[in-house]
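Q: Sequence and predicted structure are below.
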Amino acid sequence: MAERLAFTKMHGLGNDFMVVDAVSRPLPVADWLTPKRIQGWADRHFGIGFDQLLLIEPPNGTNADFRYRVFNADGGEVEQCGNGARCFARFVAERGLTDRRDIRVETAGGPIVLHLTDDDRVRVDMGRPRFAPEAIPFKPPITASGSPYTLMLSGKPGGLDQVTLEAVSMGNPHAVVQVEELGRFPVEAVGAALESHPAFPRRVNVGFVKQHRPDHIGLRVFERGAGETLACGTGACAAVAAGIHAARLESPCRVDLRGGALSIDWSGRDEDSLFMTGPATFVFDGEVAVDATE
Ligand SMILES: N[C@H](CCC[C@H](N)C(=O)O)C(=O)O
């Protein structure tokens, strides 16, 4: 007889998630959330369909309120998910797992703090952006004299034989590429080429930015382990951090993604946290059979 796993489908601006609560009901996570099973559930035709699976656990020995783990559609566990953090906050608040309005969370990419605003949005302290190549991790070309970096591309993806980018860590790795026109840019081809580029030992999320004004950008993101998504929270944070770091952008900055808009603010001082504010949406509750023989 197969076990049943309860989950909640949520999204942040169309970046969608399977949310699993392992606080109310402890789960045999290692046995159940295998990469193969996550890949199957992520499939939009044969499974539930999502960009990431978010696992909510009790804190792991720190003074945090919860631990939050993120798995991409390809089954790999990663450090951070910005849109997922907002969905996490609304889930734990509205399902009675906490009565706090400021929620401290452990993540593999470092601690974050989630604040529930009065209009059902969530403001997330995403921690400090990091630009040092070793923090990304990123191996710049030996000829590079610093950011922005020019990487050669093999096979001319999207007709390009090189690309200029900035590299930022928001706990997870991001490459930020400035483009003239987002609608027609070959995001799939260039994003896939950069995601697996040898300069990024742990692969990378790739953001393509069109700057409209110093406080307003458009962004498309080809995500590590998920492909192009309708929105990427850490991608929006990385794009604005790179722009402020390079004195192109100012704070607060509006980021228009395919699924909607986020507001990002950061002082530009390395020691200060960057903040992201945006919505989180419940879609449905469901359950799925966990067949031990799979
Ligand atoms: N694909 C990302 C994880 C999800 C990030 C994204 N969904 C967000 O909202 O930040 C990575 O491999 O680091």
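A: Looks like it arrived, so ask away.

Q: ok, and the closest non-adjacent residue to the residue sitting nearest the centre point of the chain?
A: Closest to where the C-alpha atoms of the chain average out (Cα atoms, centre = their mean) is residue 81, at 3.4 Å. In space, and not counting its chain neighbours, residue 81 is closest to residue 70: 4.4 Å by Cβ to Cβ, 6 or more residues apart in numbering. In this view, the C-beta of every residue, glycine as well, is placed from N, C-alpha and C.

Q: got the phi/psi numbers for the one you found?
A: phi -120, psi 130 (degrees, to the nearest 10).

Q: quick one on the thing from earlier: show me the contacts for the residue nearest to the centre of the chain.
A: 17, 52, 54, 70, 172, 233-234 (Cβ atoms under 8 Å, 6 or more residues apart in numbering).

Q: where in the protein is pLDDT low?
A: Applying pLDDT under 70 to the chain picks out residues 293-294.

Q: Got the domain ranges for it?
A: Using automatic domain parsing, the domain parsing of the chain gives 3-127+280-290, 133-272.

Q: Please tabulate these in CSV, including the columns distance to the ligand.
A: Shown next, in CSV, are those (distance: least, Cβ to the nearest ligand atom, whole Å):
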stretch, distance to the ligand
domain 3-127+280-290, 3
domain 133-272, 3
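
Q: If the residue nearest to residue 81 is in a bridge, with which residues?
A: Assessed by DSSP bridges, residue 70 has beta-bridge partners residue 54, residue 78.

Q: mind listing what it touches?
A: Residue 70 neighbours (Cβ under 8 Å, 6+ apart): 52-55, 77-81, 84, 107-108.

Q: Also residue 17?
A: Taking Cβ under 8 Å, 6+ apart, one finds 9-11, 50-54, 81, 83-84, 87 in contact with residue 17.

Q: Spell out the secondary structure type for it.
A: Following DSSP: H, G, I helix; E, B strand; the rest coil, we place residue 17 in the strand state.

Q: show me where the stretch 1-150 of the chain has strands.
A: 3-12, 15-21, 52-57, 66-72, 77-78, 102-107, 112-116, 122-125, 149-152 (DSSP state E, counting those that start in this stretch).

Q: Just the buried residues of the contacts of residue 70.
A: Buried members of those, counted by 16 or more other Cβ atoms under 10 Å: 52-55, 78-81, 84, 107.
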